[in-house]
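1. What follows is a predicted structure for the sequence shown.
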Amino acid sequence: MAGPSAAAVDTAKGAAVFAEAKVICARDAGRLWGRSLCGPILVVEPSDRSLIANQADAKGALKPADGVFVGVLPKSENIAATATEWSGTRWTELAWPLLPDDASKRHVMLAHEMYHRIQPDLPLGVTSGGDNAHLDTLEGRYLLQLEWRALAKALTAPDAAARRRAIADSLLFRGQRYALFPAAAADERALELNEGVAEYTGVRLGLTTPQARTAYAISDLKPYIPDATFMRSFAYATGPSYGLLLDRADPAWRGKLAPGRGLDQMLAAALRLPPANLAVLTAREAAYDGDGTLRAAEVKRDAAMKARAAADKATLADGPVLVLPLKHANYQFNPQTLRPLGELGTVYSTLRLVDDWGVLEVEGGALMAKDGKSVSVSAAGIDPSGLKGSGWTLTLKPGWAVGPGGRGGDLALTAPRSGHP
């Protein structure tokens with residue numbers, strides 16, 4: 001293994017991050033989840049993949065230096081804020097560019113990602129939501145943002161009665177969303193139990209006062225962002241809000257978490273709220289968007305996104321395209337830049353994907369099939385090598401090659417012949 005670049009690996013900076021993480025988990029002492037968040041952490045420098053870790057790995061790839069451990073992350077591994085298995089150890093992985101300069105945001109991120117490392121060992125385990133494509137539709141986005149406004153009102157309510165009314169409004173907007181999109185309840189709740197509970201953990205343990213936690217949760221309920229998608233990012237906003245409201249309504253709620261049981265359902269049960277009365281929806285919408293500014297902005301965005309979807313379909317579905325099979329995919333992406341393409345799947349604006357055949361790096365868009373079994377990139381103007389196209393590059397393992405696909409003009413991968421090294 002090549003030695004890490006001294007310029008990229010700042011052991012003092014890494015040690016400081018590890019010290020902050022230790023303070024956070026020591027302060028909690030395992031009380032929130034019945035288990036300490038302390039454990040293996042590595043921070044990676046994307047420019048040369050050099051890394052710093054707070055402990056040795058199980059297979060001896062890392063070397064001690066200045067009280068920490070250093071090495072290089074192989075190209076077969078993605079760089080992201082996540083929990084990852086590498087070199088015989090389960091890590092909390094972080095990337096230097098993703099670590100906020102603001103101490104509060106950094107501490108929330110640390111606690112969030114440390115939670116993900118222990119998550120598989122907790123009773124709830126790991127859940128994964130569906131594509132939540134409904135959250136990129138006009139009505140889905142509009143109702144979600146009304147829900148956010150109601151949650152912010154609940155968090156700042158002057159008394160229990162006002163808080164209860166605002167919570168009822170948030171559940172009303174969510175109930176209408178679930179009525180319009182039958183798959184939404186299961187998809188949203190699953191992602192909230194994963195990323196939403198993790199972000200709640202970040203806010204609860206990364207910050208030290210109720211006032212700071214409430215302020216952070218409200219900041220997570222972002223204002224209107226015309227270009228962002230909420231498909232994979234919404235749970236970062238709703239998770240802390242529902243979690244902090246549940247802390248007030250039922251302090252024992254964390255012990256009642258179960259797959260398929262949503263935070264919204266738990267809050268409604270804790271407050272003994274009746275089912276949402278959709279007949280009052282119009283009146284309650286007016287209470288949160290009285291001048292219609294939010295809806296007007298969403299109508300404008302919806303028209304632009306429909307035009308974008310037509311362009312995506314022409315480029316990434318109608319072809320010609322290079323289709324790559326997915327079997328053991330490991331990928332990193334920006335959840336705020338996803339674009340649904342109906343039954344065809346989801347467009348990832350940027351993507352780094354590792355699978356049995358090698359590595360795909362995308363800057364110009366890739367289409368992930370709805371069944372998750374393949375990803376496609378445009379083959380128009382592809383390099384003669386077959387390894388580079390408009391906005392993407394492909395690095396193949398020995399024996400793999402690009403060849404004709406199943407449709408005229410399309411391309412696909414051919415696997416190594418039996419016995420190939």
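-> Received, thanks.

2. Any idea what residue 355 is bridged to?
-> residue 358 (DSSP bridges).

3. So in the chain, where's the weakest helix or strand by average pLDDT?
-> None of the helices or strands of the chain scores lower by mean pLDDT, DSSP states H and E than strand 330-332, at a mean of 85.

4. Run the chain-centre distance for that strand.
-> 11 Å (CA atoms, centre = their mean, to the nearest Å).

5. now swap in stretch 357-376 and tell me
-> Here the centre of stretch 357-376 is set off from its chain's centre by 17 Å, with CA atoms, centre = their mean.

6. just how off-centre is the longest helix seen in the chain within its chain?
-> Longest helix in the chain by number of residues (criterion: DSSP state H): helix 293-316. Relative to its chain's centre, helix 293-316 lies at 22 Å (CA atoms, centre = their mean).

7. which strands and helices sit next to that helix?
-> If you count contacts as 3 or more CB pairs under 8 Å, 6 or more residues apart in numbering; DSSP states H and E, helix 293-316 packs onto helix 138-155, strand 338-340, strand 366-369, strand 374-378. Bear in mind the C-beta positions are built from the backbone N, C-alpha and C, glycine included.

8. so which of the ones you listed comes closest to residue 251?
-> Each of the helices and strands packed on helix 293-316 has some distance to residue 251 by CB to CB; the shortest is helix 138-155, at 16.7 Å.

9. For residue 14, which non-adjacent residue is spatially closest?
-> residue 52 (3.3 Å; CB to CB, 6 or more residues apart in numbering).

10. How about stretch 146-166, which residues are buried there?
-> Buried residues in stretch 146-166, counting neighbours by 16 or more other CB atoms under 10 Å, are found at 146-155, 157, 163-164, 166.

11. quick one: terminal-to-terminal distance for it?
-> Distance between the two ends of stretch 146-166: 11 Å, counting by CA to CA, to the nearest Å.

12. if we can go back for a sec, ok, the residue nearest to residue 14 touching residue 16?
-> No: at 10.4 Å, residue 52 does not count as touching residue 16 under the criterion of CB atoms under 8 Å.

13. more neighbours, those two?
-> Neighbours were counted for residue 52 and for residue 16 using other CB atoms under 10 Å; residue 52 has more, 29 against 11.

14. Setting aside sequence neighbours, what's the nearest residue to residue 181?
-> Of all residues not flanking residue 181 in the chain, residue 134 sits nearest, at 4.0 Å (CB to CB, 6+ apart).

15. Count the residues that sit near the residue lying closest to residue 273 once chain neighbours are set aside.
-> Spatial nearest neighbour of residue 273, chain neighbours left out: residue 168 (5.8 Å); criterion: CB to CB, 6+ apart. By the criterion of other CB under 10 Å, residue 168 has 19 neighbours.

16. Now do the residue nearest to residue 139 when sequence neighbours are not counted, the pLDDT please.
-> Excluding its sequence neighbours, the residue lying closest to residue 139 (CB to CB, 6+ apart) is residue 180, at 5.8 Å. Confidence at residue 180, expressed as pLDDT, is 97.

17. dump the residue contacts of residue 180.
-> Contacts for residue 180 (CB atoms under 8 Å, 6 or more residues apart in numbering) come out as 134, 139-140, 143.

18. Same check on residue 277?
-> Counting by CB under 8 Å, 6+ apart, residue 277 has contacts residue 172.

19. roughly how far apart are it and residue 134?
-> Separation of residue 277 from residue 134 (CB to CB, to the nearest Å): 22 Å.

20. same question, residue 251
-> The gap separating residue 251 from residue 134 is 33 Å, by CB to CB.

21. More neighbours: which of the two?
-> Under the neighbour definition other CB under 10 Å, residue 251 and residue 134 were set side by side, and residue 134 has more, 24 against 10.

22. if I look at the closest residue to residue 145 other than its chain neighbours, how far off is residue 309?
-> Leaving aside its chain neighbours, residue 145 sits nearest to residue 294 (6.1 Å; criterion: CB to CB, 6+ apart). Remark: distance between residue 294 and residue 309 (CB to CB) = 22 Å.

23. try residue 392
-> Taking CB to CB as the measure, residue 392 falls 20 Å from residue 309.

24. So the residue nearest to residue 14 belongs to a helix, correct?
-> No: Residue 52 sits outside any helix when classified using DSSP: H, G, I helix; E, B strand; the rest coil, being strand.

25. residues in contact with it?
-> 9-11, 13-15, 42-43, 68-70.

26. bridging residues for it?
-> Going by DSSP bridges, residue 52 forms beta bridges with residue 43, residue 70.
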